[in-house]
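**Student:** quick one, what's the 3D model for this:
(one chain, ligands or ions: 1)
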Amino acid sequence: MRHLRARVWFLITVAFLLPACSSASPSALRPRGPAAQRIDGLWWFMFWIALGVFCVVIGMLLFGMLRRRKPDSVERGSGETAVVLLGIVAPVIILVTLFVVSIHDLNALSAPAKTNALTVNVIGHDWWWEVRYPQQHVVTANEIHIPTGKPVLLHLSTGDVIHSFWVPQLSEKTDMIPGKINRMLIQADHPGVYRGQCAEFCGLEHARMSFLVIAEAPAQFDAWTAAESQPLAATTGAAARGEKVFLHSTCVSCHAIQGTSASATDGPDLTHFGSRRTIAANTLPNTRGNLAAWIEDPQGIKPGADMPPAVLEPSQLQALLTFVEGLK
Ligand code: CUA
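**Tutor:** Numbers count the residues shown, from 1 in each chain. Modelled structure (predicted):
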């Protein structure tokens, strides 16, 4: 019993301390865009109402307990009026107010039917994110670049099961449903890297289905799309040997690299893989060591992922790493 009580206290303490641990946590209460700001406002509005209700209930409970201990000499009423006011009228007013405010915010968040905003198609897969910029002819994965200060229209869909797109500091959650395209506006007011996460359980690696939104000044964003729309330039030396390894291994069954014969779309497009910050849907930093571990034993890092291990000689692996790292 004493152990159980100690554990309960430990968990309560940890629960209170954890949110303070990381100032870089992608908390919805640190909004960085208009949609997230609106949600933050709604959250605090609900919080203060809930706190008020909690204080009233606890206050009445204490009042009742203290009053009960005194000798009952005064005639009391039945309390019917208080029950009607606090038990029926007040909850109805509070719930209707919350409902109306929530519906108002929900409407304000929905994307308009017509907009000239930059459009990005994001497709959820078990367990990674395909990202397409149809106007710029750019295809990438797990990292969504957007210009700051402008709304960007996202077309959200799925290649398999239901996923949910959520960037706590920038947006509401929007489900990605088979056979449907959901629309959502996203906007970042300040440059930065914002973590997003799949918010709908979608299988074994749901927790490792993460991504980054990289918000940058419009000129920087334009430079990025211009670079990303370029196919692979001719390779030389170790990179050329690595390209040969790539094109003669199982890699080509799933991945595409524009400018080569690799054109499969089951896995992430790798044309500019070297310019991404992370691998395996934001599971590991994009370093040579992590990449080697991922290519040799993806199941050891992300059990259940569709990627099979590549069986390569050490020299082949090194050449392949040089090639893939150079895909900038
Ligand atoms: Cu995709 Cu959870």
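**Student:** flag every buried residue along whichever helix in the chain runs longest.
**Tutor:** Secondary structure assigned by DSSP state H gives helix 34-69 as the longest helix of the chain. Under the neighbour-count criterion of 16 or more other CB atoms under 10 Å, helix 34-69 has 34-36, 38-40, 42 buried. Where C-beta positions appear, they are placed from N, C-alpha and C, glycine not excepted.
**Student:** how distant is the following helix or strand past that helix from the center of its chain?
**Tutor:** Counting by DSSP states H and E, the next helix or strand C-terminal to helix 34-69 is helix 80-84. Computed by CA atoms, centre = their mean, to the nearest Å, the chain-centroid distance of helix 80-84 equals 46 Å.
**Student:** likewise stretch 181-191?
**Tutor:** For stretch 181-191, the distance to the chain centre is 12 Å (CA atoms, centre = their mean).
**Student:** which residues of this protein fall in helices?
**Tutor:** Going by DSSP H, the chain shows helices at 2-21, 34-69, 80-84, 90-109, 218-228, 237-247, 288-296, 298-301, 314-325.
**Student:** for the ligand, find the nearest of those.
**Tutor:** Taking CB to the nearest ligand atom, helix 298-301 is the member of the helices of the chain nearest to the ligand, at 17.3 Å.
**Student:** just the buried residues of that closest one, please?
**Tutor:** 298, 301.
**Student:** flag every residue of the chain that's near the ligand.
**Tutor:** When proximity is defined as CB under 6 Å from any ligand atom, the chain approaches the ligand at 124, 127, 163, 198, 200-202, 206, 209.
**Student:** which of those residues lies closest to residue 68?
**Tutor:** residue 201 (47.1 Å; CB to CB).
**Student:** can you give me the neighbour number for that closest one?
**Tutor:** Residues lying near residue 201 (other CB atoms under 10 Å) number 11.
**Student:** thinking again about what came up before, including pLDDT, could the residues of the chain next to the ligand go into CSV?
**Tutor:** Output for the residues of the chain next to the ligand, formatted as CSV (pLDDT from 0 to 100):
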residue, pLDDT
124, 98
127, 95
163, 98
198, 97
200, 96
201, 97
202, 97
206, 97
209, 96
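**Student:** among those, which ones are buried?
**Tutor:** For the residues of the chain next to the ligand, buried by 16+ other CB under 10 Å: 124, 127, 163, 198, 200, 202, 206, 209.
**Student:** can I get those residues in a markdown table with distance to residue 171?
**Tutor:** Below are these laid out as a markdown table (distance: CB to CB, whole Å):
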| residue | distance to residue 171 |
| --- | --- |
| 124 | 15 |
| 127 | 20 |
| 163 | 14 |
| 198 | 13 |
| 200 | 15 |
| 202 | 18 |
| 206 | 19 |
| 209 | 16 |
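**Student:** narrow the residues you listed to those in strands?
**Tutor:** In strands, judged by DSSP state E, the following of those are found: 124, 163, 198.
**Student:** quick check: closest non-adjacent residue to the first one.
**Tutor:** In space, residue 124 comes closest to residue 163 once its chain neighbours are excluded; the distance is 3.3 Å by CB to CB, 6 or more residues apart in numbering.
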